[in-house]
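Participant: I need the structure of the sequence given here:
(chains A and B)
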Amino acid sequence: MNNPQYRQRAIQLREELSDDYFLLWIWDEALGAAGKAGQFYDVRALASLKDSQNAGKIPKLFKPISIYDNQGGRIGFMIKKVGEGTAALSELRAGDLLELIGPAGNGFPIFQGKRILLVSGGIGYPPMWYLQKELINHNQIYWMHGGARQGDVFPCDEIWTEDGSIGRHGRVCGGMRENIQKYDIDLIYSCGPMPMLASAAQISQELGIEHYVSLESYMACGIGVCHGCAVPIGTKDDWDYLRVCKEGPVFNAEEVRWELL
Amino acid sequence: MGTAIKDNSKIRPNANELLHSKLGVLELKTPLTVASGTFDLENLEFFDPACLGAFVCKTITRLPKKGNPPPRLYETEAGLLNSIGLQNPGLDAFIAEKLPVYQEQLRMPLIVSVSGSSIAEFAEMIETLETCAGISGYEINISCPNVENEGIAFGVSSEIVYKLVHRLSALTQRELCIKLSPNVSDIAEIAQAAEAGKASSIALINSIYGMAIDYRTGRSRIKKGIAGYTGIGIKPVALALTHKTAQAVNIPILAMGGIYTWQDALEFIWAGASAIAIGTANFINPLAAPELIMGLGKFLLEQQLSISEIKGKAVI
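Facilitator: Here you go, the predicted model:
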């Protein structure tokens, strides 16, 4: 399974998390075997397609959702209700059908024997959950997660909130230098909003630490065809627009031309 | 009795025969193809390619093109805005890397979409592609709204279109399909110029100018501001321009613009299209192509109508 596949799969289980966050679990052994940490699926509620067709209307685009968990054919998506597409997903219950295109994208590179810092913000949490499961047996991990408020944070080693409602007060990148020094970090992974990733990339670059970021982008096809999700990647003098859905979503932070985004 | 009675039960054509169409020099097993830049080999993972009559690749240019800065996409209330800017690896990389894969994997005619910044550059590209096997035709893209052709407004001047097509048609026996812009005052006049230059078919429409702004901040949703608008919202425009062009030229029309379903496809065929392409629909419904052909085949079979019988017979 080299290229993303199109499937319609029933939701096996739905779990409520805080506020607008929820988990949807599906079952597919072949997709599960193909998926890697850092990859994603283009997801849509099948009802969105069917209801639209019945009404003679056109449904909206699929939304890229990263893999939260993937074990033995059990695939989980942690979703935050933000717009129209995710609102339709938030209505779904066990037994409802999802449309899926994936697994898509490159995924995180996996290392051994490293002292790793995970940095996530808001809905950047889910791919980190899958990633830490892949890393935990062969590396030391310290995981920082930040959100706007209490409803945006989830289990990890160090929590930050912008309103100070729980954990440390401020933005998660504010604690990076301290933890890098304290835990002698030699590898960083991050996922979250673009400004957060840009700050994290600046810190890792200053300290000369290897750093992989998972980027988010508006997508149309989600499979590498339309080039709509492209971001500038390369050196300062020699870069190209690479597709977040195909060459990404994981890029070396040093190669992302943040100044052009 | 001197005249034989026509026995319909014995000569009923099957859906395959009814779906057959012709685009210039190309025989199409089905009238369905794909709009350049919206469909590639990745999509063929999703369904049996037999539903497609031809494959149109993403537009290539002589030299590699970086494309436009992001954000490049925005989904509107009715359709999609894009500002890709013809990002592509250039002709040499296409021939070296992409074409061999198409030759190996495609089981249908390949139409190579090309764009140039001058008549000489277009001609140079066609001359080079003529030396390559596995190509059935060319889509001459003179209508991308997201690139500026160094001041030469190719798609909007019938005089330049005639000169360009006249030059290119002398270079090839393959299908020569000219893709027209809707962003002109009289598309029929441009189509007539292409026909006079000996184009073998016309493709229309490319995307319409479009824009979206975040009402809170005033910021454009697309980095470059004005984008190309495609999808359901442009269907009535595309249909009108198909009809108008079909009245003006004799060469076949490959119509596109907001086609999602078999019902949409029929509307365009009634309006004068010999073939149709789906673009944005590929993003919205990965199975749009096979569903369209299934529905179209079923309708033609039930009604015992062929593409050629209904083409251009819209009742006005």
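Participant: count the residues that sit near whatever residue of chain B ends up closest to chain A.
Facilitator: Residue nearest to chain A within chain B: residue B:73 (4.0 Å; Cβ to the nearest Cβ). No exception for glycine: its C-beta is placed from N, CA and C like everyone else's. The local packing of residue B:73 (other Cβ atoms under 10 Å in any protein chain shown) involves 25 other residues.
Participant: in the sheet, who's paired with it?
Facilitator: residue B:82 (DSSP bridges).
Participant: enumerate the residues of the stretch 101-250 of chain A near chain B.
Facilitator: A:101, A:217-221, A:223-232, A:240-241 (Cβ under 8 Å from any Cβ of the partner chain).
Participant: show me the shaky parts of chain B.
Facilitator: For chain B, residues meeting the criterion pLDDT under 70 lie at B:1-11, B:145-153.
Participant: enumerate the residues of it near chain A.
Facilitator: Looking at chain A, the residues of chain B close enough under Cβ under 8 Å from any Cβ are B:37-43, B:45-46, B:58, B:66-67, B:69-75, B:78, B:80, B:82, B:84, B:87, B:231-232, B:260, B:280, B:282-287.
Participant: which of these are buried?
Facilitator: B:37-43, B:46, B:58, B:67, B:69-75, B:80, B:82, B:84, B:87, B:231-232, B:260, B:280, B:282-287 (16 or more other Cβ atoms under 10 Å in any protein chain shown).
Participant: are we agreed that residue B:102 is in a strand?
Facilitator: No: secondary structure assignment places residue B:102 outside any strand; it is helix (DSSP: H, G, I helix; E, B strand; the rest coil).
Participant: hmm, back to that, filter the residues of the stretch 101-250 of chain A next to chain B down to the ones in strands?
Facilitator: A:101, A:231-232, A:240-241 (DSSP state E).
Participant: tell me the domain ranges of chain A?
Facilitator: A:5-104, A:115-140+A:180-260 (automatic domain parsing).
Participant: ranking those domains by mean pLDDT, which is last?
Facilitator: Across these, domain A:5-104 has the smallest mean pLDDT, namely a mean of 93.
Participant: compute the first-to-last residue distance for it.
Facilitator: 9 Å (Cα to Cα, to the nearest Å).
Participant: same question, stretch B:249-256
Facilitator: 17 Å.
Participant: how about stretch A:35-44?
Facilitator: 18 Å.
Participant: any chance you could map the helices in the chain?
Facilitator: All of this refers to chain A. Applying DSSP state H to chain A gives helices spanning A:29-34, A:46-54, A:84-90, A:125-135, A:176-182, A:194-207.
Participant: chain B was what I was after
Facilitator: Under DSSP H, chain B gives helices at B:8-11, B:15-19, B:91-93, B:99-105, B:119-130, B:158-169, B:187-196, B:235-248, B:262-271, B:281-284, B:288-303, B:307-310.
Participant: who touches the closest residue to residue B:97 other than its chain neighbours in this structure?
Facilitator: Nearest residue to residue B:97, sequence neighbours excluded (Cβ to Cβ, 6 or more residues apart in numbering or on different chains): residue B:89, at 7.2 Å. Contact partners of residue B:89, counting by Cβ atoms under 8 Å, 6 or more residues apart in numbering or on different chains, are B:60, B:64, B:97-98.
Participant: buried subset of the residues you listed as a ChimeraX selection?
Facilitator: In ChimeraX, a selection of the buried entries from these looks like this (16+ other Cβ under 10 Å):
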select /B:60,64,98
